[in-house]
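Asks: Got a sequence here, can you model it:
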Amino acid sequence: MQGSRVDVNALVAGWLRDLAFVQTAREKRLAFKRAADSVWQLDRPLTDLVDGGALTARIPGVGPSSTRVILEVLEAGDSATVDRVIAASGRGAEVVRRRQLRRNFLSRAEVLRVLADRRLDGPTAADYRGDFQMHSAWSDGRTSIAAMATACRERGYDRCAITDHSHGLRIAGGISMDDAARQHREIDALNVQLAPAFRILKGIEANIDADGALDIPLDGAPAFELVLAAPHAGLRLAQPQTARLLTALSHPAVRILAHPSGRKIDARAGIAADWAVVFARAAELGVAVEIDGDPSRQDVDFERAAMALEAGCLFALDSDAHAPGQLHYADTALAHARLAGIPPARIVNCWPDARFDRWLDQRSSGR
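Replies: Predicted coordinates for the structure are as follows:
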């Protein structure tokens, strides 16, 4: 586990986001958000870029005011400058609430440190054979299926799943069953070109509604080789939603419970549930619990993943990419898996084809 180690880039980015949040001028708000994003995405910890109380390298989007905050946080662990601005804004309570929604989020530099730490057990990039949540222009992705598959091959994968949103999530351009049939013909044609070196799976990210039902018909589910179920609404409710997730898990087609809580950094904690009960049921049914590597999600995190591991769960480590340049988000999922000590044998992305296909086929066997 990560223990008491401080992720300095995540810490600094948080202070910069706080400063952005309390700005009244749009231009300043956007400027500090850009600075926070740049720090969050750095490949190296900020401590490597400071000498003699000054930054030794230019960070895109980071100007003098942001630099002052960075140096204060690196020196003292907090920023007197930001504290003064927050106090003057009258929004201190809101800032405190937002800070509570940053637990166990890893910066890019921390992800790379974890992946390079040989003292940690768990999966490596060499173990990872395919990414099973990504989106194309068929729903809310930015590029074609062919472009996503090409980028996956360039990362050394031998398979991927295209999991565009199902029709119930209209805000994300969810696809109908007719759309899915046309998409599957496109995937079939691509697979003829790519075989045997690479395989595109016909997937879907089904939406879990308030009662736990999915937005794909039971008789339509067999059209998909891989069904992910994910919550996208009701994510800020205080009451437990254990029953909602258990109902979704009971759908015979579901193979992956995707970003199970629906948390988002600085925005929401996600679903409240009895996670021990949810994970026990997922383990019983052979449904994989996803670690979503989107930097704003990181859901489940390493602490909750360790709980799922103890419950006997399988895992899926996915990027949730909406463009080729986001496929490296899978690294974040790998980092959380390493911090949780999950062995590759429990991760469906690492399995050989025969074992993976047997697991897929359980979707229609009643498990």
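Asks: what about the helices in the stretch 201-350 of the chain?
Replies: Along the stretch 201-350 of the chain, the segments classed as helices by DSSP state H, counting those that start in this stretch run 242-249, 275-285, 302-310, 330-340.
Asks: Of all those helices, which one comes closest to Q362?
Replies: helix 275-285 (8.7 Å; C-beta to C-beta). In this view, the C-beta of every residue, glycine as well, is placed from N, C-alpha and C.
Asks: Can you name every helix or strand that the closest one contacts?
Replies: helix 242-249, strand 288-292, helix 302-310 (3 or more C-beta pairs under 8 Å, 6 or more residues apart in numbering; DSSP states H and E).
Asks: For it, buried residues please.
Replies: Judged by neighbour count using 16 or more other C-beta atoms under 10 Å, the buried positions of helix 275-285 are 275, 278-283, 285.
Asks: now do stretch 334-341
Replies: For stretch 334-341, the buried set under the neighbour-count rule, 16+ other C-beta under 10 Å, comprises 334-340.
Asks: need these in JSON lines with distance to S176 and pLDDT, can you?
Replies: As requested, the buried residues of stretch 334-341 are exported to JSON lines (distance: C-beta to C-beta, whole Å; pLDDT from 0 to 100):
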{"residue": "L334", "distance to S176": "34", "pLDDT": "98"}
{"residue": "A335", "distance to S176": "36", "pLDDT": "98"}
{"residue": "H336", "distance to S176": "34", "pLDDT": "98"}
{"residue": "A337", "distance to S176": "34", "pLDDT": "98"}
{"residue": "R338", "distance to S176": "39", "pLDDT": "98"}
{"residue": "L339", "distance to S176": "40", "pLDDT": "97"}
{"residue": "A340", "distance to S176": "37", "pLDDT": "97"}
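Asks: out of those residues, who's nearest H232?
Replies: Closest approach between the buried residues of stretch 334-341 and H232, by C-beta to C-beta: H336, at 21.1 Å.
Asks: follow-up on the earlier one: could I get the buried residues of stretch 334-341 in a markdown table, plus columns for distance to M134?
Replies: Below are the buried residues of stretch 334-341 laid out as a markdown table (distance: C-beta to C-beta, whole Å):
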| residue | distance to M134 |
| --- | --- |
| L334 | 16 |
| A335 | 18 |
| H336 | 18 |
| A337 | 18 |
| R338 | 22 |
| L339 | 23 |
| A340 | 23 |
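Asks: right, and the pair among those with maximum separation?
Replies: Within the buried residues of stretch 334-341, two members stand farthest from each other by C-beta to C-beta: L334 and A340, at 10.8 Å.
Asks: returning to that earlier point: of the buried residues of stretch 334-341, which is the nearest to V192?
Replies: The closest of the buried residues of stretch 334-341 to V192 turns out to be L334 (C-beta to C-beta; 30.9 Å).
Asks: Report the contact partners of that closest one.
Replies: With contact taken as C-beta atoms under 8 Å, 6 or more residues apart in numbering, L334 is in contact with 111, 115, 122-125, 128, 293, 317.
Asks: The lengthiest helix in the chain: which residues count as buried?
Replies: The residue-count maximum for a helix in the chain (DSSP state H) belongs to helix 177-194. Burial within helix 177-194, assessed by neighbour count using 16+ other C-beta under 10 Å, is assigned to 179-180, 183-184, 186-187, 190-191, 194.
Asks: what does that helix contact?
Replies: For helix 177-194, the surrounding residues in contact (C-beta under 8 Å, 6+ apart) are 138, 145-146, 149, 153, 162, 164, 167, 175, 199-200, 202, 204, 216-217, 220, 223-224.
Asks: go with 7 Å
Replies: Contacts made with helix 177-194 from outside it, assessed by C-beta atoms under 7 Å, 6 or more residues apart in numbering, are listed as 138, 145-146, 149, 162, 175, 199-200, 202, 204, 220, 223.
Asks: Ok, stretch 29-42 next?
Replies: Applying C-beta under 7 Å, 6+ apart, the set of residues contacting stretch 29-42 from outside is 9, 12-13, 16-17, 19-20, 23, 46, 59-62, 66, 107-109, 295.
Asks: Output that stretch in CSV, but only the C-alpha positions, please.
Replies: Taking only C-alpha atoms (Å, rounded to 0.1, in the frame of the first residue of the first chain), the coordinates of stretch 29-42 have been written out as CSV:
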residue,chain,number,x,y,z
ARG,A,29,-10.0,30.7,-12.8
LEU,A,30,-9.0,29.0,-16.1
ALA,A,31,-5.4,30.0,-15.7
PHE,A,32,-5.0,28.3,-12.3
LYS,A,33,-6.9,25.3,-13.5
ARG,A,34,-4.5,25.0,-16.4
ALA,A,35,-1.6,25.2,-14.0
ALA,A,36,-3.1,22.5,-11.8
ASP,A,37,-3.6,20.2,-14.7
SER,A,38,0.0,20.7,-15.9
VAL,A,39,1.3,19.8,-12.5
TRP,A,40,-1.0,16.8,-12.2
GLN,A,41,0.1,15.5,-15.6
LEU,A,42,3.9,16.0,-15.1
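Asks: What number of residues are in the vicinity of D320?
Replies: Neighbouring residues of D320 were enumerated by other C-beta atoms under 10 Å; the total is 28.
Asks: repeat for A195
Replies: A195 is surrounded by 10 other residues when neighbours are defined as other C-beta under 10 Å.
Asks: pLDDT score for it?
Replies: According to the prediction, A195 has pLDDT 94.
Asks: Same question for the one 3 residues further on.
Replies: With respect to pLDDT, F198 scores 97.
Asks: got it, and the one 4 residues further on?
Replies: In the predicted model, K202 carries a pLDDT score of 97.
Asks: Isn't it up against V227?
Replies: No - between K202 and V227 there is no contact under C-beta atoms under 7 Å: 10.0 Å.
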